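>>> Fold the stuff below for me.
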Amino acid sequence: MTRDAAVPPAGAGVTFVMPVLNERNYLERAVRTVLAQEVDGPSELVLALGPSTDGTSRLAEELAAQDSRIRLVHNPAADIPIGLNLAIAAGSFPTIVRVDAHSELAPGYTRRALDTLAERRAANVGGVMRAEGRTAFQRAVAWAYNSPIGLGGGAYHGGHTAGEAESAYLGVVRRSVLEEVGGFDESIRRGEDWELNLRIRRAGYRVWFDPSLSVTYWPRESWLRLVRQFHATGIWRGELVRRYGRRNSVRFFAPPALALALVVSLVVGILQAIGALRGPVAAWAWLVHIPVAAYAALLVVVAGLPSSSGMPRRTLRERLWSLAVIPSMHVAWGTGFLRGVARGARDTVDTSRLHRNTPLP
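Next up is the predicted model:
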């Protein structure tokens, strides 16, 4: 039976929560878009500060000194779900808006989300992640994020139809529901939002997707950081499959299937090159290369596709980067997934968050 989430009184207030670690290049803009949100009643922004090494914490202190709505809590473990729980506990208001330091809220985002929560009596609502980039590489990654082939076509990567959803990007959630289901699971370092929304749905509440909600997201700035991020995310998805099995969407199994196909194709190719395959086996062995060849052809076609509607035209450099970015995302995620399924996530962390390079232009 579907349950309606309680709707707080008008003007009851909103708590924004943001886990932060080594985000000096992005933090101020993220904070400014939060403080610019118009809501009925009071609001606050709680920053959960991890042990940054790039001056992020000092910047956060400066921002807090400038605006009394900003509050700081320390998250020495640096884990995102721990930071989120600390920030939520430090907040005061009945609706929680999760914000990422790599994101920027569109004007009117919070007001629209609150209206949708009330209209649908949902427990959590999220919108579309619109990835953008500052460099050719980052723009190529952003294009992959926004493309169905890049991240598998989840609703929040470009869906257009409102309705009940499996999860919500970032999410605007009722505190009463969070408390009922136990908050974020601190044993899960990646995919914690999906797992939380699974428990919300199990409790009978609605998780809603609203395509009119838009959040700008800035992807990782280098190939190595991108690979580290996706490998860690894949490992944790493998852990979630170990824990929750079929409740994971079928689309999560495509990257590991690709990784296995690449390994099989490579092994067979080596055996063919050294003449180790003979007779009928050699004749049929070429078939194992078909999936990899089809994937490579698809990459070439996709790299040449025009930009999505409303996005700047892609340069040749960005198209070429796409040929490296998309398979890097898929293979890193897929190999991580296989490792996570086989061994569990254990103490895997996303090392792409540990430090940043010099400020971007």
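
>>> Packing partners of whichever strand or helix holds E104?
In this assignment (DSSP states H and E), E104 forms part of strand 103-105. Using 3 or more CB pairs under 8 Å, 6 or more residues apart in numbering; DSSP states H and E as the contact test, the elements touching strand 103-105 are helix 27-35, strand 207-217. All C-beta atoms are positioned from the backbone trio N, CA, C, and that covers glycine.

>>> residue contacts, the nearest residue to A60 once chain neighbours are set aside?
Setting aside the residues directly before and after it, A60 is nearest to L47 in space (CB to CB, 6 or more residues apart in numbering), at 5.3 Å. Shown in contact with L47 (CB atoms under 8 Å, 6 or more residues apart in numbering): M18, V20, V31, A60, A64, I70, R71, L72, V73, A87.

>>> follow-up on the earlier one: will you turn the helices and strands packed on strand 103-105 into CSV that also has distance to A142?
CSV is the format used below for the helices and strands packed on strand 103-105 (distance: least, CB to CB, whole Å):
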stretch, distance to A142
helix 27-35, 16
strand 207-217, 8
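
>>> ok so, going back, could you measure from the residue nearest to A60 over to E23?
Plainly put, L47 is 10 Å away from E23 if you go by CB to CB, to the nearest Å.

>>> Now do the shared contacts for the two.
Taking CB under 8 Å, 6+ apart as the contact rule, L47 and E23 touch no residue in common.

>>> Pull up the gap between E221 and R3, please.
Counting by CB to CB, the gap from E221 to R3 is 42 Å.

>>> cool, L271 as well?
For L271 relative to R3 (CB to CB), the value is 57 Å.

>>> again, but for A77
Taking CB to CB, one finds A77 at 33 Å from R3.

>>> now do R24
42 Å.

>>> More neighbours: which of the two?
R24 (19 against 13; other CB atoms under 10 Å).

>>> isn't the more buried one right up against L49?
No. At 11.9 Å, R24 does not count as touching L49 under the criterion of CB atoms under 8 Å.

>>> Find the residues that touch each one of the two.
T56.

>>> Next, the buried residues of stretch 213-226.
Neighbour-count burial for stretch 213-226, counted by 16 or more other CB atoms under 10 Å, picks out L213, S214, V215, T216, Y217, W218, P219, R220, E221, R225, L226.

>>> ok now do the spatially closest residue to V46 that is not a sequence neighbour, which residues does it touch?
Excluding the flanking residues, the one nearest V46 by CB to CB, 6+ apart is A87, at 4.0 Å. A87 sits next to T15, V17, M18, P19, V46, L47, A48, V73 when contact means CB under 8 Å, 6+ apart.

>>> Highest neighbour count among those?
L47 (32 neighbours).

>>> Look at it and tell me its secondary structure.
strand (DSSP: H, G, I helix; E, B strand; the rest coil).

>>> Using CSV, list the CA coordinates for the helix or strand of the chain with the lowest mean pLDDT.
The helix or strand of the chain with the poorest confidence is helix 148-151; it has a mean of 77 (mean pLDDT, DSSP states H and E). Taking C-alpha atoms only, helix 148-151 is exported to CSV below (Å, rounded to 0.1, in the frame of the first residue of the first chain):
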residue,chain,number,x,y,z
PRO,A,148,21.8,7.5,-22.9
ILE,A,149,24.9,5.6,-24.0
GLY,A,150,27.1,7.2,-21.3
LEU,A,151,25.3,6.4,-18.1
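
>>> Spell out, range by range, the helices that occur in the stretch 1-150 of the chain.
27-35, 56-66, 80-90, 109-120, 136-146, 148-151 (DSSP state H, counting those that start in this stretch).

>>> Turn the ones you listed into CSV, columns for distance to L260.
Conversion of the helices of the stretch 1-150 of the chain to CSV gives the following (distance: least, CB to CB, whole Å):
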stretch, distance to L260
helix 27-35, 38
helix 56-66, 39
helix 80-90, 29
helix 109-120, 40
helix 136-146, 21
helix 148-151, 19
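
>>> where do the helices sit along the stretch 151-300 of the chain?
175-181, 192-202, 223-244, 254-273, 279-285, 290-303.

>>> Can you tell me which of these is nearest to I96?
Of all those, it is helix 175-181 that lies closest to I96, at 5.6 Å by CB to CB.

>>> what pLDDT, on average, does the closest one get?
Mean per-residue pLDDT for helix 175-181: 96.

>>> Can you point out the buried residues in it?
R175, V177, L178, E180, V181.

>>> how far is it from where the chain is centred?
22 Å (CA atoms, centre = their mean, to the nearest Å).

>>> which residues are contacting it?
Taking CB under 8 Å, 6+ apart as the rule, helix 175-181 contacts 5-6, 15, 88, 91, 93-96, 123-124, 196, 199-200, 203, 205.

>>> do the same with stretch 284-300
149, 258, 261-262, 264-265, 268-269, 271-272, 277, 322-323, 326-327.

>>> got it, and stretch 197-212?
1-3, 5, 112-113, 116-117, 120-128, 155-156, 159-168, 171, 173, 177, 180-182, 244, 247.

>>> about what we covered before: just tell me which of the helices of the stretch 151-300 of the chain ends up closest to Q138.
helix 223-244 (9.2 Å).

>>> what is the orientation angle of the helix ranked longest in the chain with helix 290-303?
If you go by DSSP state H, the chain has its longest helix at helix 316-343. If you take axes from the mean of the first three to the mean of the last three CA atoms, to 10 degrees, helix 316-343 sits at 140 degrees to helix 290-303.

>>> Now do the buried residues in helix 316-343.
Quick answer for helix 316-343 (16+ other CB under 10 Å): 318-319, 321-323, 325-341.

>>> for stretch 135-154, same thing?
136-147, 149-152, 154.

>>> again, but for stretch 36-52
Q37, V39, S43, E44, L45, V46, L47, A48, L49, G50, S52.
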